[in-house]
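In: My questions are about this predicted structure, shown below with the sequence.
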Amino acid sequence: MKNVLFLCTGNSARSILAEAILNHHGAGRFAAYSAGSNPAGRVNPFALTTVEKRGLPVDGFRSKSWSEYAEGPEFDLIFTVCDSAAAESCPVWPGRPISAHWGIPDPAAVEGHDTEKQAAFELAFERLKSRIDRFIALPIDSLTPEDLRHELAAIGREAERA
C-alpha cells in the first residue's frame, strides 16, 4: 500500500477532491491524505457536494495543516495541486517521498452564482480524476524512482495543455 499526500494551501477544495478520488479509485493500492500550508478551517461545501454527487464517501474530511503529518505516516508520493503550495517551502517529510506538481485552478476562487461555483468544482474534480486515473494505471512498483518522477511530471504537463 502506497501512502499519498495531496497538498494545497487551504486544504478545503482541490486536495480534498484528490484525496476522495484516490481513496475510492485506488482502494487497496493507495491510502490518500490531504493537508494545507494555511488550512481554511473548513472544507468547502461545494467540494463535499461534488464528491457526494459522484457517489464517493464524504465522511471524515476536514481542513488540516500539513504539520499534522510531520511525524508520519511515511509518504511514498506527495502531490501539490495548487501553484502557491508548490512555491512554498514544504516541511521535510519522513522517508523519501517522490513529489510532483499537478496544478489545478482554484475552484473556490470562482465568483458568481452557486451554479457557476459548482461547475468550477465539477471541472476541478474531472481534471484531478483524469490525472489520478493515469497515475493509478502506472506500473509503479516496476518503475525506478527517476522514471516515476518523469511519468508523474508528464501527467501534470499533459493535463495542463488540455
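Out: Yep, it's here.

In: Contacts for the longest helix along the chain next, please.
Out: Scanning the chain for the longest helix, with DSSP state H as the assignment, gives helix 114-137. Identification of contacts with helix 114-137 by C-beta atoms under 8 Å, 6 or more residues apart in numbering yields 13-14, 17-18, 21-22, 25-26, 29-30, 44, 46-47, 49-51, 54, 81, 102, 104-105, 107, 110-111, 152, 155-156, 159, 162. Every C-beta, even on glycine, is put in place using the N, C-alpha and C of the backbone.

In: Send me stretch 46-58 as PDB with only the CA atoms.
Out: Below are the C-alpha coordinates for stretch 46-58, written out as PDB (Å, rounded to 0.1, in the frame of the first residue of the first chain):
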ATOM      1  CA  PHE A  46     -19.000  22.700  -3.000                       C
ATOM      2  CA  ALA A  47     -16.200  20.200  -2.600                       C
ATOM      3  CA  LEU A  48     -18.300  18.000  -0.400                       C
ATOM      4  CA  THR A  49     -21.300  18.300  -2.800                       C
ATOM      5  CA  THR A  50     -19.100  17.400  -5.800                       C
ATOM      6  CA  VAL A  51     -17.700  14.300  -4.000                       C
ATOM      7  CA  GLU A  52     -21.100  13.200  -2.900                       C
ATOM      8  CA  LYS A  53     -22.600  13.600  -6.300                       C
ATOM      9  CA  ARG A  54     -20.000  11.200  -7.600                       C
ATOM     10  CA  GLY A  55     -21.100   8.600  -5.100                       C
ATOM     11  CA  LEU A  56     -17.900   8.800  -3.100                       C
ATOM     12  CA  PRO A  57     -17.900   8.900   0.700                       C
ATOM     13  CA  VAL A  58     -17.700  12.400   2.300                       C
END
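
In: picking that back up, and the helix or strand that the longest helix of the chain is followed by, what does it pack onto?
Out: Sequence order places helix 145-161 as the next helix or strand after helix 114-137, per DSSP states H and E. Packing partners of helix 145-161 (3 or more C-beta pairs under 8 Å, 6 or more residues apart in numbering; DSSP states H and E): strand 98-101, helix 114-137.

In: Tell me the helices and strands packed up against the shortest one.
Out: The criterion is 3+ C-beta pairs under 8 Å, 6+ apart, and the helices and strands that strand 98-101 contacts are strand 77-80, helix 145-161.
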